[in-house]
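> I would like the atomic coordinates for the input below:
(one chain, ligands or ions: 1)
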Amino acid sequence: MSGPLTDGDATRIGGESGLAALPNRTTHIVGWGHEVPKALLTNADLEQIVETSDEWIGTRTGIRERHIAGDGETTASMGAIAAARALAVAGVTADSVDVIVVATLTPDHPMPSTAVLIKEAIGSHRAAAFDLSAACSGFAYAYAVAHGFLAAGLGQRALVIGAESLSRIVDWSDRSTCVLFGDGAGAIVLDAIDLHDDQNIATRPGTLSFELSADPSGAFALWIPGGSGADADPLIKMDGAKTYVYATRTMAAVATAAIERAGLTVSEVDLVIPHQANLRIIEHVSKAIAFPMEKIFVNLDRYGNTSAASIPIALSEAVAAGRLKPGDVFCTVAFGGGYTSGSFVTRWDADPANGARAAAVDPSTIKIKRPVGGAKAAEVPAALKDLLGAKRR
Ligand SMILES: CC(C)(COP(=O)(O)OP(=O)(O)OC[C@H]1O[C@@H](n2cnc3c(N)ncnc32)[C@H](O)[C@@H]1OP(=O)(O)O)[C@@H](O)C(=O)NCCC(=O)NCCS
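Predicted coordinates for the structure are as follows:
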C-alpha cells in the first residue's frame, strides 16, 4: 500500500510498514505508572443526583465506580505524579528526558500547556514539552508522535502521559453522559533502541506498529462546544448511540490493521489493552477480532472512562497484575472524539518487578506551579461537593 488508507471519510496513517523512519531504530517502554484521585463516586452515589440506577449503568456500561479529582487536584498534578512514578520505575532522572508529550482534552489551562507544568513539577530542565489533543485516542496518538520523534533521531527518551480531569467538564445533570466518565493519569517512559541485524519481526523488542485514524463525520457527535468559537459552553455533549456504532466498527478495524502491520496474526498477540469506555463495546471487539475476553485487560468497572488516561492506567495495572512478561506482544486500541481512533502494537521487554520502584515517589512533594495572584485553584464540581463531602464525614 502506498499513500493513506481511506475508509469513508476517515483517513488512516501508519506508513508503508508502520515502522520507524530509520529501520534500525525503534522504541521500547522502560517505565510506567499511574495516579488516580482518592475520592470515589459510585453508581449508588449517582442515583442521588440524576435519575439512574446501579443496575442500568452496570448492565449498559460495566462501570461501577469512578475517581473524582479533589479540590486543588488537576490534570497536571495527577499527570506529574504518574510521570514521577514512571521515571522511578525506569530508574532514570527527569533531566534525562528529551520530550514530554501530554495527551489530554482537559488541560489545566489552554496556555501554558499541561506538559510544561508537569515538566517543572518533576524537575526536568531541558525537555521539549507540549500537549496533544486527540480525545480518548490521545495516548495512542501521543505514543506514535513520541515514537516518531525518537525514531527520527531527535532525542533518546520521551515521557508520554495521558491525564484527564473529566469531572470538571461533565454535565452532572445529564444522566446520559455523567455516569460514564472519571479522572486519572497514566504515564510511560519511552526510550529509543537500536535494532540488530539478527532481529526480525518475531524477535525484535519494543514498538512494532501503529495505526491512527480520524473521521470528521463524528466531529459533533462527541464534543465540547467551548473554546474560541462562538459557543462557550464548556460541557461535554454526546450522541451515545452513534458513538457506540462508530466505536465497535473502528476499534476492531484499527486493532486488526495495527496487528497486520506488525507482521503478526491476532492469535500471536498475548494481551489487548482497549480504551476503557464500555464493557459491551469491548466484548463486541473481542468477538469481531476473534480474541478471547480472558486476554483483554478490563478495569473500567473501577475507573469509568478516563479518556486519554485510560490506556496508560490500564497498562500500568496490567503490568502490576502480572499480565505482561518479557517477550509478550500487546496491542492497545482506542476510539474517541473527532472521531479519532488509534492502536499500537509493542513487544514488552521490561522487568515487571521494576514496578515496585514507584513506591519510592512521595506524591506530596510534587507541586504544580500556580500563577501569583492568579486563577482560583480548581475545585470539585458543585453538584458533587455535598455528595463527596458527606462520604468523607
Ligand atoms: C451511552 C450508552 C451507554 C447508552 O446505552 P444504550 O443501550 O445505547 O441506551 P440508549 O441510548 O438506547 O438509551 C436507552 C434509554 O436509557 C435512558 N438513559 C440514558 N442514560 C441513562 C442513565 N444513566 N440511567 C438510566 N437511563 C438512562 C435513555 O434516556 C433512554 O431512554 P428512552 O428510551 O426512554 O429514551 C451507549 O450508547 C454507549 O456506551 N455509547 C458510547 C458512549 C461512549 O463510549 N462515549 C465515550 C467515547 S470515548
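> List the buried residues of the helix ranked longest in the chain.
In the chain, taking DSSP state H as the definition, the longest helix is helix 240-261. With burial defined by 16 or more other CB atoms under 10 Å, the residues of helix 240-261 counted as buried are 243-244, 246-259, 261. For the C-beta atoms, the positions are set from N, CA and C on the backbone; glycine is no exception.
> State whether residue 187 is indeed within a helix.
No - read with DSSP: H, G, I helix; E, B strand; the rest coil, residue 187 is strand and lies in no helix.
> Surely it is in contact with residue 33?
Yes - using CB atoms under 8 Å, residue 187 makes contact with residue 33 at a distance of 5.5 Å.
> Give me the common contacts of the two.
By CB atoms under 8 Å, 6 or more residues apart in numbering, residue 187 and residue 33 have these common neighbours: 82, 83, 85, 86.
> From those residues, pick the one nearest residue 393.
Set against residue 393, the nearest of the shared contacts of residue 187 and residue 33 by CB to CB is residue 82 (29.3 Å).
> Share the number of residues neighbouring that closest one, please.
As a burial measure, residue 82 scores 33 neighbours (other CB atoms under 10 Å).
> Kindly report the same for residue 381.
Residue 381 has 18 nearby residues by other CB under 10 Å.
> Give me the distance between it and the ligand.
From residue 381 over to the ligand the distance is 17 Å, taken as CB to the nearest ligand atom, to the nearest Å.
> and if you look at residue 339?
9 Å.
> can you pull the contacts of that residue?
Contact analysis of residue 339 by CB under 8 Å, 6+ apart lists 10, 214, 215, 216, 217, 218, 219, 221, 222, 243, 246, 250.
> Apply 10 Å and report the result again.
Residues near residue 339 by CB atoms under 10 Å, 6 or more residues apart in numbering: 9-10, 135-137, 213-219, 221-222, 242-243, 246-247, 250.
> can you tell me which of the residues you listed are in helices?
The helices, defined by DSSP H, take in 242, 243, 246, 247, 250 from the contacts of residue 339.
> Of the residues you listed, which are in range of the ligand?
When contact is defined as CB under 6 Å from any ligand atom, the ones in helices among the contacts of residue 339 meet the ligand at 243, 247.
> List just the nearest of the ones in helices among the contacts of residue 339 to the ligand.
residue 243 (4.1 Å; CB to the nearest ligand atom).
> which among the contacts of residue 339 end up buried?
Burial by neighbour count, 16+ other CB under 10 Å: within those this picks out 10, 135-137, 213-215, 218, 221-222, 243, 246-247, 250.
> By pLDDT, rank those residues and give me the bottom one.
Least confident of these in the model: residue 10, at 52.
> need the contact list for the residue of the stretch 151-300 of the chain found nearest the ligand.
The ligand sits closest to residue 240 of the stretch 151-300 of the chain, with a gap of 3.2 Å, by CB to the nearest ligand atom. Neighbouring residues of residue 240 by CB under 10 Å, 6+ apart: 60, 176, 177, 180, 221, 222, 278.
> Once you drop chain neighbours, what's closest to the last one?
Once flanking residues are discounted, residue 278 sits nearest to residue 61: 4.9 Å by CB to CB, 6 or more residues apart in numbering.
> Nice, that's everything, thank you.
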